[in-house]
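Asks: Starting from these lines, generate the structure:
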Amino acid sequence: ILLVGAFLRFYNYPFRYSLGEETVRDAVIGIEGARQFQFPLTGSFSSLGPFTFGPWYAYQIIIFYLIFPFVYSPWLYLSIISVFYIFIIYKIGKILGGDWLGVISAFLAAVSPAQIISATHLTSHNNTNLFAALAIWIFLILVNKQKSNWWSFILGLVIGIGMNLHFQMGGLLILPVILLLYKRKYVNFISIASGVFVSFIPMLIFEMNNHWFTTRNIFFYITEGKNAIYVPNRWLFYVRDFWPSFWADALGIPIWLAWGIMTAFLIFFIWSYRRKKLSIGVVLLFIAFLFNFILLRYYWGPRFFGYLNFLRPFVFIFTAY
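Replies: Now for the predicted structure:
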């Protein structure tokens, strides 16, 4: 499956990687950052308003270019971690339901058109794929096993880096909350919070030296700027149109089939729950998904599929399940 995933991502590669305005900009930042050995304190601007993301996207490109000084290193890095993403999805599925669930989940991730496209399109939100999968994997490990506080710290660091890449990954902050309520270990929660804080230190330094530029503008957007755009937002549109379309886009299938898969999963989930055949990992992951399902309903901006990469692991796992 890994070989299939690698083939679909690298076949005819020189004619497939993107050379758009944003992608070239990001590549140049990474390459010049490596050549001059300069690490920025902030990242690129958001399309929503005058505020920036964090610098961890640039750090990854810079470090990879230092190891492999090749002009197309940024694109290669994105494609390599996309293959690694398949393996992490397998590990998640294996924890939840054994080898078969892992293999089916990995296959869906390997052949997903959305994942294949994101493997060659160099943008920060496509970089979130790996960190979303890593966060869910580490979360499930902490649910099922007794681990040191360093594992909790790494979970926080992974989620924090993902939020630096794109703020919408903040929806996965529900994972530490669920872990706290389930395990009731406050030391682990503090370790996770410490990891998140460490990931934001570069942005904090930038903010403290630039009149809190991003903080002020995010607050302005939340209070006033969002009113500049009207997006039709009803539960009917959200459930009937958005989610089947998102599910179909992730799997590369017709919308009617996505409707069928979603319905079948809900029926099977309820049936398994009533018969007490659900593992605690599946239940907690479903709670995390349900939280993001409701949270996203009340998001006032356009719901662009590419910005919601952090939700695709749920699609692959639940479909396989």
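Asks: Leaving out sequence neighbours, find the closest residue to residue 54.
Replies: Closest residue in space to residue 54, ignoring its immediate chain neighbours: residue 164 at 2.7 Å, by CB to CB, 6 or more residues apart in numbering. Every residue, glycine included, has its C-beta placed from N, CA and C.
Asks: what's the answer for residue 306, then?
Replies: residue 125 is the one closest to residue 306 (CB to CB, 6+ apart), at 5.8 Å.
Asks: which helices and strands does the helix or strand containing the one you found pack with?
Replies: Following DSSP states H and E, one finds residue 125 within helix 124-144. Helix 124-144 is packed against helix 56-67, helix 73-97, helix 113-118, helix 149-165, helix 174-183, helix 280-297, helix 312-320, with contacts defined by 3 or more CB pairs under 8 Å, 6 or more residues apart in numbering; DSSP states H and E.
Asks: If we use 7 Å, what do you get?
Replies: helix 56-67, helix 73-97, helix 149-165, helix 174-183, helix 280-297, helix 312-320 (3 or more CB pairs under 7 Å, 6 or more residues apart in numbering; DSSP states H and E).
Asks: what angle do the second one and helix 124-144 make?
Replies: Interaxial angle of helix 73-97 relative to helix 124-144 (axes from the mean of the first three to the mean of the last three CA atoms, to 10 degrees): 30 degrees.
Asks: How about the last one?
Replies: Using the same axes, to 10 degrees, the direction of helix 312-320 lies 60 degrees away from that of helix 124-144.
Asks: Averaged pLDDT, helix 312-320. What do you get?
Replies: Averaging pLDDT along helix 312-320 yields 96.
Asks: just to revisit the earlier point, adding mean neighbour count and distance to residue 205, write the helices and strands packed on helix 124-144 out as JSON lines.
Replies: Below are those laid out as JSON lines (neighbours: other CB atoms under 10 Å; distance: least, CB to CB, whole Å):
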{"stretch": "helix 56-67", "mean neighbour count": "20", "distance to residue 205": "14"}
{"stretch": "helix 73-97", "mean neighbour count": "22", "distance to residue 205": "24"}
{"stretch": "helix 149-165", "mean neighbour count": "24", "distance to residue 205": "13"}
{"stretch": "helix 174-183", "mean neighbour count": "18", "distance to residue 205": "24"}
{"stretch": "helix 280-297", "mean neighbour count": "17", "distance to residue 205": "29"}
{"stretch": "helix 312-320", "mean neighbour count": "24", "distance to residue 205": "32"}
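Asks: between those, which one is nearest to residue 14?
Replies: Evaluated over these, closeness to residue 14 peaks at helix 73-97, with 9.8 Å, by CB to CB.
Asks: State the mean pLDDT of the helix or strand just after the closest one.
Replies: Next along the chain after helix 73-97, taking DSSP H and E as the criterion, comes helix 99-111. Computed over helix 99-111, the mean pLDDT rounds to 97.
Asks: Then stretch 271-291?
Replies: For stretch 271-291, mean pLDDT is 92.
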